[in-house]
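Peer 1: structure for the following, please:
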Amino acid sequence: MPTTDSARAADPVDVSHAENEADAARDRSGHLVDLRSDTVTRPTEAMRRAMAEAEVGDDVFGDDPTVNALQERIAGLLGFESALFVSSGTQSNLCALLTHCGRGDEYIAGQMAHMYRWEGGGAAVLGGIQPQPLPHRADGTLDPRDIAAAVKPDDPHFARTRLLCLENTIGGRAVSMDYLETATRIARDRGLATHLDGARLFNAAVAGGDDPYEQARRIAGHFDSVSVCFSKGLGAPVGSALVGSREFIAGARRWRKVLGGGMRQAGVLAAAALHALDHHVTRLADDHAHAALFAEGLKGLEGLTVEPSGTNMVFAKSGPGLDVDELRARLERRGLLCAAYPDQLRFVFHLDVPRADVERAVRIVREAVAEVAGTPAES
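Peer 2: Next up, the predicted model:
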(Lines give C-alpha, C1' and ligand atoms only; values in the text may rest on other atoms or scores of the structure.)
Protein backbone atom coordinates (compact mmCIF):
# COMPACT_ATOMS: atom_id res chain seq x y z
CA MET A 1 0.00 0.00 0.00
CA PRO A 2 1.18 3.60 -0.54
CA THR A 3 3.24 5.09 2.27
CA THR A 4 2.76 8.47 3.83
CA ASP A 5 5.13 9.81 1.16
CA SER A 6 2.00 10.27 -0.95
CA ALA A 7 0.68 12.84 1.49
CA ARG A 8 4.08 14.56 1.65
CA ALA A 9 4.51 14.82 -2.13
CA ALA A 10 4.24 18.60 -2.23
CA ASP A 11 6.34 19.27 0.92
CA PRO A 12 9.57 21.21 0.33
CA VAL A 13 12.73 19.12 0.53
CA ASP A 14 14.94 19.57 3.60
CA VAL A 15 18.17 19.64 1.63
CA SER A 16 20.51 19.89 4.63
CA HIS A 17 18.90 16.89 6.32
CA ALA A 18 18.94 14.97 3.04
CA GLU A 19 22.65 15.74 2.60
CA ASN A 20 23.62 14.29 5.95
CA GLU A 21 21.36 11.25 5.67
CA ALA A 22 22.26 10.42 2.08
CA ASP A 23 25.99 10.94 2.56
CA ALA A 24 25.91 8.55 5.50
CA ALA A 25 24.06 6.00 3.38
CA ARG A 26 26.57 6.36 0.54
CA ASP A 27 29.46 5.91 2.98
CA ARG A 28 27.93 2.59 3.99
CA SER A 29 27.00 1.25 0.59
CA GLY A 30 28.62 3.39 -2.11
CA HIS A 31 25.40 3.04 -4.12
CA LEU A 32 24.28 5.13 -7.05
CA VAL A 33 20.84 6.67 -7.28
CA ASP A 34 19.75 5.16 -10.60
CA LEU A 35 16.91 7.11 -12.22
CA ARG A 36 17.66 6.13 -15.82
CA SER A 37 14.52 3.99 -16.05
CA ASP A 38 12.16 1.85 -14.00
CA THR A 39 13.66 -1.14 -15.83
CA VAL A 40 16.69 -1.07 -13.52
CA THR A 41 14.84 -2.49 -10.51
CA ARG A 42 16.06 -5.64 -8.80
CA PRO A 43 13.74 -8.39 -7.56
CA THR A 44 12.79 -8.05 -3.91
CA GLU A 45 13.61 -10.87 -1.52
CA ALA A 46 9.95 -11.92 -1.50
CA MET A 47 9.93 -11.99 -5.30
CA ARG A 48 13.10 -14.07 -5.37
CA ARG A 49 11.50 -16.59 -3.01
CA ALA A 50 8.44 -16.80 -5.25
CA MET A 51 10.69 -17.44 -8.24
CA ALA A 52 12.73 -20.08 -6.42
CA GLU A 53 9.61 -21.92 -5.30
CA ALA A 54 7.73 -21.71 -8.62
CA GLU A 55 6.23 -24.88 -10.03
CA VAL A 56 7.41 -25.25 -13.61
CA GLY A 57 6.78 -27.26 -16.75
CA ASP A 58 7.50 -26.74 -20.45
CA ASP A 59 5.71 -23.66 -21.68
CA VAL A 60 6.32 -24.45 -25.36
CA PHE A 61 4.18 -27.54 -24.76
CA GLY A 62 1.78 -25.35 -22.79
CA ASP A 63 2.20 -27.22 -19.51
CA ASP A 64 4.05 -24.79 -17.26
CA PRO A 65 1.46 -24.27 -14.50
CA THR A 66 2.86 -20.96 -13.29
CA VAL A 67 2.93 -19.47 -16.78
CA ASN A 68 -0.62 -20.69 -17.34
CA ALA A 69 -1.70 -19.17 -14.04
CA LEU A 70 -0.15 -15.82 -14.99
CA GLN A 71 -1.78 -15.83 -18.42
CA GLU A 72 -5.18 -16.60 -16.91
CA ARG A 73 -4.70 -13.97 -14.23
CA ILE A 74 -3.72 -11.07 -16.49
CA ALA A 75 -6.32 -11.93 -19.14
CA GLY A 76 -9.10 -12.07 -16.55
CA LEU A 77 -7.88 -8.97 -14.76
CA LEU A 78 -8.00 -6.91 -17.95
CA GLY A 79 -11.21 -8.47 -19.28
CA PHE A 80 -9.85 -10.55 -22.16
CA GLU A 81 -10.26 -14.18 -23.17
CA SER A 82 -6.61 -15.11 -23.39
CA ALA A 83 -3.03 -13.98 -22.82
CA LEU A 84 0.50 -14.86 -23.89
CA PHE A 85 3.61 -14.49 -21.72
CA VAL A 86 6.59 -13.19 -23.71
CA SER A 87 10.14 -12.12 -22.97
CA SER A 88 9.79 -8.36 -23.48
CA GLY A 89 7.51 -5.47 -24.34
CA THR A 90 9.16 -5.21 -27.75
CA GLN A 91 8.33 -8.85 -28.47
CA SER A 92 4.78 -8.38 -27.20
CA ASN A 93 4.16 -5.37 -29.43
CA LEU A 94 5.77 -7.09 -32.41
CA CYS A 95 3.64 -10.22 -31.95
CA ALA A 96 0.59 -7.95 -31.86
CA LEU A 97 1.58 -6.11 -35.04
CA LEU A 98 2.33 -9.33 -36.91
CA THR A 99 -0.99 -10.83 -35.82
CA HIS A 100 -3.13 -7.80 -36.61
CA CYS A 101 -1.42 -6.96 -39.92
CA GLY A 102 -0.09 -8.70 -43.02
CA ARG A 103 2.57 -7.69 -45.51
CA GLY A 104 1.62 -4.44 -47.21
CA ASP A 105 -0.64 -3.41 -44.33
CA GLU A 106 -0.14 -0.30 -42.24
CA TYR A 107 -0.42 0.73 -38.61
CA ILE A 108 -0.92 4.25 -37.25
CA ALA A 109 1.15 5.35 -34.26
CA GLY A 110 2.66 8.46 -32.74
CA GLN A 111 5.96 9.83 -33.99
CA MET A 112 7.43 9.28 -30.51
CA ALA A 113 5.55 6.07 -29.72
CA HIS A 114 7.88 3.42 -28.34
CA MET A 115 6.73 0.73 -30.75
CA TYR A 116 7.40 3.00 -33.73
CA ARG A 117 10.57 4.80 -32.67
CA TRP A 118 12.37 2.61 -30.15
CA GLU A 119 11.77 -1.01 -31.18
CA GLY A 120 14.13 -1.43 -34.11
CA GLY A 121 11.54 -1.11 -36.87
CA GLY A 122 10.63 -4.76 -36.33
CA ALA A 123 7.22 -4.56 -37.97
CA ALA A 124 8.77 -3.30 -41.21
CA VAL A 125 11.90 -5.46 -41.03
CA LEU A 126 10.18 -8.75 -40.22
CA GLY A 127 6.57 -8.23 -41.23
CA GLY A 128 6.59 -5.91 -44.23
CA ILE A 129 4.21 -3.69 -42.26
CA GLN A 130 4.33 0.03 -42.97
CA PRO A 131 4.14 2.50 -40.09
CA GLN A 132 2.21 5.74 -40.45
CA PRO A 133 3.62 8.02 -37.73
CA LEU A 134 1.64 11.06 -36.60
CA PRO A 135 2.73 14.11 -34.59
CA HIS A 136 1.88 14.31 -30.92
CA ARG A 137 0.02 17.10 -29.21
CA ALA A 138 1.52 18.71 -26.10
CA ASP A 139 -0.06 16.09 -23.84
CA GLY A 140 1.34 13.22 -25.88
CA THR A 141 -1.92 12.26 -27.57
CA LEU A 142 -2.64 12.16 -31.30
CA ASP A 143 -5.12 14.62 -32.75
CA PRO A 144 -8.29 12.64 -33.58
CA ARG A 145 -8.53 14.55 -36.87
CA ASP A 146 -5.03 13.36 -37.79
CA ILE A 147 -6.01 9.77 -37.01
CA ALA A 148 -9.06 9.99 -39.25
CA ALA A 149 -7.09 11.65 -42.07
CA ALA A 150 -4.34 9.02 -41.92
CA VAL A 151 -6.64 6.12 -42.81
CA LYS A 152 -5.98 5.31 -46.46
CA PRO A 153 -8.75 4.70 -49.00
CA ASP A 154 -9.25 1.21 -50.43
CA ASP A 155 -7.00 1.76 -53.43
CA PRO A 156 -4.06 -0.33 -54.72
CA HIS A 157 -1.87 2.77 -54.65
CA PHE A 158 -1.89 2.73 -50.84
CA ALA A 159 -0.95 0.42 -48.03
CA ARG A 160 -4.00 -1.03 -46.26
CA THR A 161 -4.56 0.77 -42.97
CA ARG A 162 -5.39 -1.96 -40.46
CA LEU A 163 -4.46 -0.86 -36.95
CA LEU A 164 -4.34 2.09 -34.56
CA CYS A 165 -1.67 1.83 -31.84
CA LEU A 166 -1.76 4.05 -28.77
CA GLU A 167 0.42 4.18 -25.66
CA ASN A 168 -0.60 4.76 -22.04
CA THR A 169 1.26 6.25 -20.29
CA ILE A 170 2.96 8.30 -23.03
CA GLY A 171 5.97 10.36 -21.96
CA GLY A 172 4.95 9.58 -18.41
CA ARG A 173 1.51 11.14 -18.83
CA ALA A 174 -1.66 9.17 -18.27
CA VAL A 175 -4.12 9.45 -21.15
CA SER A 176 -7.69 10.32 -20.26
CA MET A 177 -10.47 7.79 -20.61
CA ASP A 178 -12.46 10.24 -22.76
CA TYR A 179 -9.59 10.50 -25.22
CA LEU A 180 -9.21 6.72 -25.44
CA GLU A 181 -12.91 6.42 -26.21
CA THR A 182 -12.74 9.09 -28.92
CA ALA A 183 -9.61 7.79 -30.63
CA THR A 184 -10.59 4.12 -30.63
CA ARG A 185 -14.11 4.93 -31.84
CA ILE A 186 -12.60 6.71 -34.85
CA ALA A 187 -10.58 3.58 -35.59
CA ARG A 188 -13.52 1.21 -35.16
CA ASP A 189 -15.77 3.35 -37.36
CA ARG A 190 -13.19 2.98 -40.14
CA GLY A 191 -12.74 -0.76 -39.74
CA LEU A 192 -9.41 -0.63 -37.88
CA ALA A 193 -8.35 -2.84 -35.00
CA THR A 194 -6.80 -1.19 -31.96
CA HIS A 195 -3.73 -2.04 -29.87
CA LEU A 196 -2.46 -0.49 -26.64
CA ASP A 197 1.19 -0.43 -25.72
CA GLY A 198 0.53 -0.56 -21.98
CA ALA A 199 4.14 -0.86 -20.87
CA ARG A 200 3.18 1.36 -17.92
CA LEU A 201 -0.53 0.58 -17.90
CA PHE A 202 -0.65 0.24 -14.14
CA ASN A 203 1.02 3.62 -13.66
CA ALA A 204 -1.80 5.09 -15.71
CA ALA A 205 -4.32 3.13 -13.67
CA VAL A 206 -2.90 4.31 -10.34
CA ALA A 207 -2.83 7.90 -11.58
CA GLY A 208 -6.54 7.60 -12.36
CA GLY A 209 -7.42 7.05 -8.71
CA ASP A 210 -9.93 4.57 -7.31
CA ASP A 211 -9.18 0.84 -7.60
CA PRO A 212 -6.11 0.54 -9.90
CA TYR A 213 -7.07 -2.95 -11.05
CA GLU A 214 -10.50 -1.75 -12.11
CA GLN A 215 -8.97 1.32 -13.75
CA ALA A 216 -6.57 -0.90 -15.71
CA ARG A 217 -9.51 -3.01 -16.88
CA ARG A 218 -11.40 0.10 -18.01
CA ILE A 219 -8.40 1.39 -19.96
CA ALA A 220 -7.80 -1.98 -21.60
CA GLY A 221 -11.47 -2.31 -22.50
CA HIS A 222 -11.08 0.24 -25.29
CA PHE A 223 -8.69 -2.01 -27.24
CA ASP A 224 -8.63 -5.28 -29.18
CA SER A 225 -5.21 -6.17 -27.77
CA VAL A 226 -3.01 -4.84 -24.98
CA SER A 227 0.66 -5.32 -24.11
CA VAL A 228 1.52 -5.12 -20.40
CA CYS A 229 5.10 -4.99 -19.08
CA PHE A 230 6.04 -6.60 -15.76
CA SER A 231 9.69 -5.47 -15.76
CA LYS A 232 9.20 -1.70 -15.44
CA GLY A 233 7.39 -0.19 -12.48
CA LEU A 234 6.09 -3.56 -11.33
CA GLY A 235 9.66 -4.64 -10.66
CA ALA A 236 9.86 -8.12 -12.20
CA PRO A 237 13.20 -8.98 -13.85
CA VAL A 238 11.80 -10.15 -17.20
CA GLY A 239 8.60 -10.37 -19.14
CA SER A 240 5.46 -8.88 -20.64
CA ALA A 241 2.04 -10.24 -21.52
CA LEU A 242 -0.08 -9.76 -24.61
CA VAL A 243 -3.83 -10.06 -24.09
CA GLY A 244 -6.63 -10.46 -26.64
CA SER A 245 -9.25 -12.87 -27.93
CA ARG A 246 -8.51 -16.61 -28.02
CA GLU A 247 -8.18 -16.51 -31.80
CA PHE A 248 -5.85 -13.51 -31.67
CA ILE A 249 -3.59 -15.04 -28.99
CA ALA A 250 -3.42 -18.32 -30.92
CA GLY A 251 -2.03 -16.34 -33.86
CA ALA A 252 0.33 -14.41 -31.61
CA ARG A 253 1.62 -17.67 -30.13
CA ARG A 254 2.68 -18.76 -33.61
CA TRP A 255 4.52 -15.48 -34.13
CA ARG A 256 6.22 -15.80 -30.75
CA LYS A 257 7.64 -19.13 -31.92
CA VAL A 258 8.78 -17.64 -35.25
CA LEU A 259 10.52 -14.83 -33.34
CA GLY A 260 12.41 -17.34 -31.21
CA GLY A 261 10.40 -16.41 -28.14
CA GLY A 262 9.33 -19.84 -26.97
CA MET A 263 10.57 -20.39 -23.41
CA ARG A 264 10.68 -23.69 -21.57
CA GLN A 265 10.60 -23.63 -17.73
CA ALA A 266 9.45 -20.02 -17.79
CA GLY A 267 7.41 -20.39 -14.62
CA VAL A 268 10.42 -19.07 -12.73
CA LEU A 269 9.87 -15.74 -14.53
CA ALA A 270 6.09 -15.90 -14.48
CA ALA A 271 6.19 -16.28 -10.70
CA ALA A 272 7.90 -12.89 -10.45
CA ALA A 273 5.16 -11.33 -12.58
CA LEU A 274 2.43 -12.89 -10.44
CA HIS A 275 4.12 -11.58 -7.31
CA ALA A 276 4.32 -8.12 -8.88
CA LEU A 277 0.60 -8.13 -9.72
CA ASP A 278 -0.22 -9.03 -6.12
CA HIS A 279 2.22 -6.74 -4.31
CA HIS A 280 3.60 -3.98 -6.54
CA VAL A 281 0.60 -2.32 -8.16
CA THR A 282 -0.79 -0.07 -5.43
CA ARG A 283 2.73 0.88 -4.31
CA LEU A 284 3.25 2.64 -7.67
CA ALA A 285 1.61 5.61 -5.91
CA ASP A 286 4.83 5.90 -3.89
CA ASP A 287 6.86 6.32 -7.09
CA HIS A 288 4.44 8.99 -8.30
CA ALA A 289 4.75 10.80 -4.96
CA HIS A 290 8.54 10.62 -5.11
CA ALA A 291 8.53 12.09 -8.63
CA ALA A 292 6.35 14.95 -7.42
CA LEU A 293 8.65 15.49 -4.43
CA PHE A 294 11.71 15.59 -6.71
CA ALA A 295 10.04 18.06 -9.10
CA GLU A 296 9.07 20.28 -6.17
CA GLY A 297 12.64 20.22 -4.89
CA LEU A 298 13.93 21.54 -8.23
CA LYS A 299 11.26 24.21 -8.56
CA GLY A 300 12.72 27.61 -9.47
CA LEU A 301 16.16 26.21 -10.30
CA GLU A 302 17.67 28.60 -12.83
CA GLY A 303 18.72 26.87 -16.04
CA LEU A 304 16.22 23.99 -15.83
CA THR A 305 12.51 23.92 -16.58
CA VAL A 306 11.09 21.01 -14.65
CA GLU A 307 8.04 19.17 -15.99
CA PRO A 308 6.47 16.55 -13.71
CA SER A 309 4.36 14.05 -15.62
CA GLY A 310 1.84 13.11 -12.96
CA THR A 311 3.21 9.58 -12.73
CA ASN A 312 6.75 8.34 -12.05
CA MET A 313 8.72 10.51 -14.50
CA VAL A 314 10.17 14.00 -14.31
CA PHE A 315 11.57 15.81 -17.35
CA ALA A 316 13.99 18.73 -16.98
CA LYS A 317 14.57 20.93 -20.03
CA SER A 318 17.82 22.86 -20.20
CA GLY A 319 18.04 26.57 -20.82
CA PRO A 320 20.66 28.54 -22.81
CA GLY A 321 24.21 27.78 -21.81
CA LEU A 322 23.40 24.53 -20.02
CA ASP A 323 24.66 21.53 -21.98
CA VAL A 324 22.58 18.42 -21.26
CA ASP A 325 25.36 15.92 -21.86
CA GLU A 326 27.77 17.84 -19.64
CA LEU A 327 25.16 18.08 -16.89
CA ARG A 328 24.36 14.37 -17.10
CA ALA A 329 28.07 13.55 -16.79
CA ARG A 330 28.39 15.81 -13.73
CA LEU A 331 25.36 14.16 -12.14
CA GLU A 332 26.88 10.74 -12.73
CA ARG A 333 30.16 11.75 -11.11
CA ARG A 334 28.15 12.73 -8.04
CA GLY A 335 26.30 9.41 -7.95
CA LEU A 336 23.07 10.17 -9.84
CA LEU A 337 22.19 8.40 -13.09
CA CYS A 338 19.51 9.65 -15.48
CA ALA A 339 18.68 9.55 -19.19
CA ALA A 340 19.71 12.38 -21.50
CA TYR A 341 17.89 13.45 -24.64
CA PRO A 342 18.38 16.55 -26.80
CA ASP A 343 17.81 19.55 -24.50
CA GLN A 344 16.33 17.55 -21.63
CA LEU A 345 16.98 15.01 -18.90
CA ARG A 346 14.59 12.29 -17.76
CA PHE A 347 14.38 10.98 -14.20
CA VAL A 348 12.30 7.85 -13.54
CA PHE A 349 11.30 6.78 -10.03
CA HIS A 350 10.79 3.17 -9.01
CA LEU A 351 10.69 0.74 -6.11
CA ASP A 352 14.46 0.81 -5.55
CA VAL A 353 14.38 4.56 -4.78
CA PRO A 354 13.48 5.44 -1.17
CA ARG A 355 12.67 8.97 -0.01
CA ALA A 356 16.25 9.57 1.20
CA ASP A 357 17.51 8.96 -2.34
CA VAL A 358 14.92 11.36 -3.75
CA GLU A 359 16.16 14.10 -1.43
CA ARG A 360 19.77 13.27 -2.24
CA ALA A 361 18.98 13.44 -5.97
CA VAL A 362 17.56 16.95 -5.50
CA ARG A 363 20.75 18.07 -3.78
CA ILE A 364 22.94 16.53 -6.49
CA VAL A 365 21.04 18.22 -9.33
CA ARG A 366 21.15 21.59 -7.58
CA GLU A 367 24.89 21.30 -6.97
CA ALA A 368 25.65 20.19 -10.54
CA VAL A 369 23.58 22.97 -12.12
CA ALA A 370 25.24 25.53 -9.87
CA GLU A 371 28.67 24.16 -10.81
CA VAL A 372 27.94 24.49 -14.53
CA ALA A 373 26.61 28.01 -14.00
CA GLY A 374 29.50 28.96 -11.72
CA THR A 375 27.25 29.97 -8.82
CA PRO A 376 26.88 28.53 -5.29
CA ALA A 377 24.16 25.89 -4.84
CA GLU A 378 21.12 27.05 -2.90
CA SER A 379 19.98 24.98 0.06
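Peer 1: may I see the buried residues of the longest helix seen in the chain?
Peer 2: Longest helix in the chain by number of residues (criterion: DSSP state H): helix 355-373. Of the residues in helix 355-373, those buried by neighbour count under the rule 16 or more other C-beta atoms under 10 Å are 355, 357-370, 372. (C-beta placed from N, C-alpha, C; glycine too.)
Peer 1: tell me the one of those residues nearest residue 146?
Peer 2: residue 365 (36.2 Å; C-beta to C-beta).
Peer 1: next one: residue 327 from residue 71, what distance?
Peer 2: 44 Å (C-beta to C-beta, to the nearest Å).
Peer 1: ok, which stretches of the protein are strands?
Peer 2: Taking DSSP state E, the strands of the chain run over residues 33-34, 82-86, 105-110, 130-134, 160-167, 193-198, 225-229, 240-244, 304-308, 313-318, 336-337, 339-341, 344-348.
Peer 1: pick out the shakiest of those strands, pLDDT-wise.
Peer 2: The minimum mean pLDDT among these belongs to strand 304-308 (a mean of 90).
Peer 1: for it, name the packing helices and strands.
Peer 2: Here strand 304-308 touches helix 284-297, strand 313-318, going by 3 or more C-beta pairs under 8 Å, 6 or more residues apart in numbering; DSSP states H and E.
Peer 1: tabulate those (JSON lines), appending mean neighbour count.
Peer 2: Below are the helices and strands packed on strand 304-308 laid out as JSON lines (neighbours: other C-beta atoms under 10 Å):
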{"stretch": "helix 284-297", "mean neighbour count": "24"}
{"stretch": "strand 313-318", "mean neighbour count": "22"}
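Peer 1: rebuild the ones you listed as CSV, extending it with distance to residue 253.
Peer 2: CSV is the format used below for the helices and strands packed on strand 304-308 (distance: least, C-beta to C-beta, whole Å):
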stretch, distance to residue 253
helix 284-297, 29
strand 313-318, 33
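Peer 1: which stretch among these comes nearest residue 78?
Peer 2: helix 284-297 (16.3 Å).
Peer 1: can you give me the angle that closest one makes with strand 304-308?
Peer 2: 160 degrees (axes from the mean of the first three to the mean of the last three C-alpha atoms, to 10 degrees).
Peer 1: and helix 284-297, average pLDDT?
Peer 2: For helix 284-297, the per-residue pLDDT averages 97.
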